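Fold the stuff below for me.
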Amino acid sequence: MPSVRSHPKTVPSTAPAETLMPATAESVDQVDTTFLRTLVGYNTRRAALAIIEVFMERMSVYDLKVVDFSVLSLVAHNPGITSRQLCATLNVLPPNMVGLIAALERRGLIERRPHPSDGRAMGVHLTSEGTDLTAQAEATVAQLEQDASGRLTATERKTLIRLLQKIYD
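The predicted structure follows:
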């Protein structure tokens, strides 16, 4: 029979807080982020958080999340794209894409039509309402991107995008 290890019960300390802190405790007036600022992941995440917060605010008028917008934009620029292609491009699992497509279809933004060369596949197309909403949302996102990257020159912005793409492509 396997042995069962028991863990000692943790009892909260009743000692005053000042006795729990070492006598040499220091306070921090300014946080040192020197090491973190050398990390690609840290900087990428911080930049993404700053942009996504504004994205969510501005897309709320369209009732779109990041992935909804991405799907609509891909469909707008690739009429007839399949769910499989959307999954591969956005790195979304097929069961999640099924729900996304169904939700966008219920909203009347997209429709599925038989694929012209693959009888088993369905192509995804924007409806006229989806075309209008996507055009408005893309214009909003283009302005958001300009606002978010306003401290960069056009050349720096292109370089940043190219370098980020080198990481994930």
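
Could you list every helix and strand that the helix or strand in which residue 137 is found packs against?
Using DSSP states H and E, residue 137 sits in helix 128-148. For helix 128-148, the elements it packs on are helix 40-59, helix 66-77, judged by 3 or more Cβ pairs under 8 Å, 6 or more residues apart in numbering; DSSP states H and E. Where you see a C-beta, it was placed from the backbone N, CA and C, and this is true even at glycine.

Lowest average confidence across those, which one?
Here the lowest mean pLDDT among the helices and strands packed on helix 128-148 goes to helix 40-59, at a mean of 94.

Buried residues of it, list them for me.
Neighbour counts over helix 40-59 (16 or more other Cβ atoms under 10 Å) mark 51, 55, 58-59 as buried.

Contacts for it next, please.
For helix 40-59, the external contacting residues (Cβ atoms under 8 Å, 6 or more residues apart in numbering) are 36-37, 65-66, 69, 137, 140-141, 144-145, 147-148, 164, 167.

Give me the distance from that helix to the chain's centre.
8 Å (Cα atoms, centre = their mean, to the nearest Å).

Tabulate the CA atom coordinates of it in CSV.
Once non-C-alpha atoms are left out, helix 40-59 reads as follows in CSV (Å, rounded to 0.1, in the frame of the first residue of the first chain):
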residue,chain,number,x,y,z
VAL,A,40,12.2,40.9,-25.4
GLY,A,41,9.2,39.2,-23.8
TYR,A,42,8.9,41.8,-21.0
ASN,A,43,9.0,44.7,-23.4
THR,A,44,6.7,43.1,-25.9
ARG,A,45,4.2,42.3,-23.3
ARG,A,46,4.3,45.8,-21.8
ALA,A,47,3.8,47.3,-25.3
ALA,A,48,1.0,44.9,-26.1
LEU,A,49,-0.8,45.6,-22.8
ALA,A,50,-0.7,49.4,-23.5
ILE,A,51,-2.1,48.9,-27.0
ILE,A,52,-4.7,46.2,-26.1
GLU,A,53,-6.2,48.4,-23.4
VAL,A,54,-6.9,51.2,-25.9
PHE,A,55,-7.9,48.6,-28.5
MET,A,56,-10.6,47.2,-26.2
GLU,A,57,-11.9,50.7,-25.4
ARG,A,58,-12.2,51.7,-29.0
MET,A,59,-13.5,48.4,-30.3
